[in-house]
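>>> Let's see this in three dimensions:
(one chain, ligands or ions: 2)
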Amino acid sequence: MALIDTVREAERLMTICNACRYCEGHCAVFPAMEMRLAFTEGDLSYLANLCHNCGACYAHCQYAPPHEFAVNVPVTLAELRAQSYQDYTWPPQMAGVFERNGLAVSLVTAASLSLFLLATALLVDPAVLFAVHADGDFYRIIPHDVMAGLFTAVSAYVVVAFAMGFRRFWQQTGESYASFGRPRPFLQAMRDSLTLRYLDGGAGDGCTYPTEAPSQSRRVYHHLTFYGFMLCFAATSAGTIYHYVFGWQAPYGYLSVPVVLGTTGGIGLLIGPAGLLWLKHKADPDAFGHGRRGMDTGFLALLFLTSLSGLLLLVLRETSAMGVLLAVHLGIVLGLFLTLPYGKFVHAIYRFAALVRYALERSRAAERPEA
Ligand code: SF4
Ligand code: SF4
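Ligands and ions are numbered 1, 2, ... in the order given. All right, here's what the predicted structure looks like:
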């Protein structure tokens, strides 16, 4: 569907839903919609990013196809949301690169980086690459400063890309930057995000995804993915503190804080993305939309491979396979980082910003004197 048709369709649905209001208990989209009578493009983008495609409103809608109104909110908002990801991409030339072939682009990026690192290590000294190093000392293969410099540069690029995307999204909502930092709405949005509040389907029995039977599976897999990611981030932070504050060099023992955090997070990142990919495979595109499957699957696949290669590296770090595994793992992690601003990870930025705006609107409504 062309963008202009999608926007018109969204306006049509919002008008019907605003009159019906049956679904206001399912999620934040309907109460946010009811606060307005007209919808700017910024409003529609905001509503689309408040929606997490749970399907509850489609499953319960008496006006869904074959009814002549043909109401399908999840599909229309999924289209708008995917379009908003493209509109906010930085640099804009990257918009759409992952739209259809996201999985292939992600895998090729990771494979190319792995091969580059492998070739570099081979050229420097093949004997070192294939040697068994005491305690799995991977800095013998790629020195600490090279590794740290590489990841600092890539992380800086990713942070700038996210900041530019957020800036575009927030400007389009018409809110000031100061309002984003208001403590109460910000904390409310944090609570809603960390608990995945709206994945409970409104009644607490879970969302109707990937089938019409309510289930908590999506929430569980999402939690495993998110907290797995955060634990791996905490492991890296702990390693950085060990190195720069205490002067303790990696590799660290199996029971050290960085390794325990990384292993626990890694297990979450194996189960969570695999589960989300499985649910996506089962979901009916007519009910949930095609969205940007390439973006979604590419990101989830790289998360899974990052975790798998990281855990293998840990188990085999005292063998001659360590050098090759290190190059493969680092290539996948670099590929994951470089593609973060163009894959499904961006939904975390826009969904959170949408939740902050929703909390702001609710607090303003509560402060307004009764008429
Ligand atoms: S999705 Fe259907 S049931 Fe729900 S508010 Fe809209 S029109 Fe009503
Ligand atoms: S699909 Fe779920 S989150 Fe999206 S509008 Fe419908 S009920 Fe709300």
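
>>> What parts of this protein come near ligand 1?
Applying Cβ under 6 Å from any ligand atom, one finds that the chain approaches ligand 1 through 16-17, 20-23, 57, 60-63, 71, 73. C-beta: built from backbone N, CA, C; applies to glycine.

>>> Those: which two are farthest apart?
Greatest spatial distance in the residues of the chain next to ligand 1: 16 and 60, 14.0 Å, computed using Cβ to Cβ.

>>> Just give me the neighbour total for the residue of the stretch 251-371 of the chain found nearest ligand 2.
Of all residues in the stretch 251-371 of the chain, residue 288 sits closest to ligand 2, at 7.9 Å by Cβ to the nearest ligand atom. Per other Cβ atoms under 10 Å, the neighbour tally for residue 288 reads 20.

>>> That one against residue 52, yeah?
No: using Cβ atoms under 8 Å, residue 288 is not in contact with residue 52, being 10.8 Å away.

>>> So for the closest residue to ligand 2 within the stretch 101-250 of the chain, what's the nearest residue that isn't a sequence neighbour?
When scored by Cβ to the nearest ligand atom, the stretch 101-250 of the chain has residue 198 as its residue closest to ligand 2, at 6.1 Å. Once flanking residues are discounted, residue 198 sits nearest to residue 27: 4.6 Å by Cβ to Cβ, 6 or more residues apart in numbering.

>>> Using the three-state scheme, assign that neighbour.
With DSSP: H, G, I helix; E, B strand; the rest coil as the basis, residue 27 sits in coil.

>>> wait, doesn't it sit right on residue 207?
No: using Cβ under 8 Å, residue 27 is not in contact with residue 207; the gap is 9.1 Å.

>>> shared neighbours, these two?
Jointly contacting residue 27 and residue 207 under the rule Cβ atoms under 8 Å, 6 or more residues apart in numbering are 52, 54, 56.

>>> Run a quick neighbour tally on the last one.
Residue 56 has 27 neighbouring residues, counting by other Cβ under 10 Å.

>>> tell me, which of the shared contacts of residue 27 and residue 207 make contact with ligand 2?
With Cβ under 6 Å from any ligand atom as the criterion, these include 52, 54, 56 near ligand 2.

>>> before we move on, the earlier item: the residue of the stretch 101-250 of the chain closest to ligand 2 contacts residue 54, doesn't it?
Yes: counting by Cβ under 8 Å, residue 198 does reach residue 54; the two are 7.2 Å apart.

>>> hey, what's in contact with both of the two?
Each of 26-27 lies in contact with both residue 198 and residue 54 under the rule Cβ under 8 Å, 6+ apart.

>>> in what helix or strand does the nearest residue to residue 199 once chain neighbours are set aside lie?
Among residues not flanking residue 199 along the chain, residue 219 sits closest, at 4.2 Å (Cβ to Cβ, 6+ apart). For residue 219, the host element (DSSP states H and E) is helix 217-241.

>>> same deal with residue 260?
According to DSSP H and E, residue 260 maps onto helix 257-282.
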